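1. Provide a 3D model corresponding to the input given below.
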Amino acid sequence: MITLLYHAKTVGPVCERLARVGGFNAVMDLPLTHVGGTILRWGSVVTILGCDGRVLNSRDAVNLSRDKPASRKILGDLSPTTWYRLDDVKVPCVVRPKRHHGGYKFFVCNGITEVLRAVKRCRLGWYATELVDKAEEYRVFVLQGRVVCVSQRFPGQHTIAWNLGMGGRLVNVEKGKWHKNAVIAAIEAAKRLSLDWAAIDIAIDREGKPLVFEANTAPGLRNKYTISRIAKALNWADKNPPLPEAEGSKWKDLLHPALTL
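-> Residues are numbered from 1 along each chain as shown. Next up is the predicted model:
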């Protein structure tokens, strides 16, 4: 049995939908005691006591994914150029707070005055990143070091932030049409951040290079297909031993085994 241990009420409906489809338990951010089966930390960092099964995503890994500057340092060359000190920032750039979600507090800065103003609004810490000239953008869902499904992002009125919170839209990508470099980079990102489960946001620049923006351990889910793929993969994970680290770059090496059933 899978238990989704989720953080924050806003994530609740997501986990409830996923739980209904997959037949899982969904518990909101409460300390768990004497729980069997598989527990998936859906953004939660609460203490788990007496677990007799497996925990997907450690508390440390979830905390690291929340701390965007810290996770960028671990991601290293997988991510766009990132700055953490004002003296290093180059414009144009994007300034964001240490913790963020969706497109909130997404500051595009074309001069140092705008950078200073944005940093002031990021009261609990900030980081700045180069302005990427994106050709494509994807959200890649990774479980156990394998890809479960992929969505492509398209911009709305905001031409820089393409996420749903800024009016963008997500479209499912058929398995045979996945951008292979994006998929490989997403798997490597989850590995570097020690995440068993994550939705990796990644862009392809005009030169075809994949650039990882962030990893989300509590992604928003609206699409029925995406939810069904994730539920199927989680049920597989609950019934089978942990997967070894992926080796190779053939599709069979990258796909989650649940997709081949």
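2. below-threshold pLDDT in the chain: ranges please.
-> 102-103, 157-159, 161-168, 261 (pLDDT under 70).
3. and the helices in the stretch 151-261 of the chain?
-> 180-192, 224-239, 251-254 (DSSP state H, counting those that start in this stretch).
4. of the ones you listed, which stretch is the most buried?
-> Mean neighbour count, computed with mean count of other Cβ atoms under 10 Å, is highest for helix 180-192 among the helices of the stretch 151-261 of the chain, reaching a mean of 21. (C-beta placed from N, C-alpha, C; glycine too.)
5. touching that one from outside, list them.
-> Here helix 180-192 makes contact (Cβ atoms under 8 Å, 6 or more residues apart in numbering) with 74-76, 78, 136, 138, 140, 142, 145-147, 150, 196, 198, 200, 202, 204, 208-212, 215, 245-246, 249, 251, 254.
6. closest to residue 173 out of the helices of the stretch 151-261 of the chain?
-> Closest of the helices of the stretch 151-261 of the chain to residue 173 is helix 180-192, at 9.5 Å (criterion: Cβ to Cβ).
7. from the middle of its chain, how far away would that closest one be?
-> 11 Å (Cα atoms, centre = their mean, to the nearest Å).
8. hmm, back to that, in CSV: the helices of the stretch 151-261 of the chain, plus distance to residue 117.
-> Formatted as CSV, these follow (distance: least, Cβ to Cβ, whole Å):
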stretch, distance to residue 117
helix 180-192, 31
helix 224-239, 37
helix 251-254, 43
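9. of all the ones you listed, which one is nearest residue 22?
-> helix 224-239 (3.3 Å).
10. which residues touch that closest one?
-> Contacts for helix 224-239 (Cβ under 8 Å, 6+ apart): 1-2, 17-18, 21-24, 37-38, 40, 56, 141, 143-144, 148-149, 151, 172, 221, 256-259, 261.
11. can we see that at 6 Å?
-> For helix 224-239, contacts defined as Cβ atoms under 6 Å, 6 or more residues apart in numbering pick out 2, 17-18, 21-22, 38, 143-144, 148-149, 172, 221, 256, 258.
12. which pair in the residues you listed spans the largest distance?
-> Across those (Cβ to Cβ), the longest gap, 25.6 Å, separates 38 and 172.
13. more crowded one of these two?
-> residue 38 (21 against 15; other Cβ atoms under 10 Å).
14. skipping its backbone neighbours, what lies nearest that one in space?
-> residue 238 (4.5 Å; Cβ to Cβ, 6 or more residues apart in numbering).
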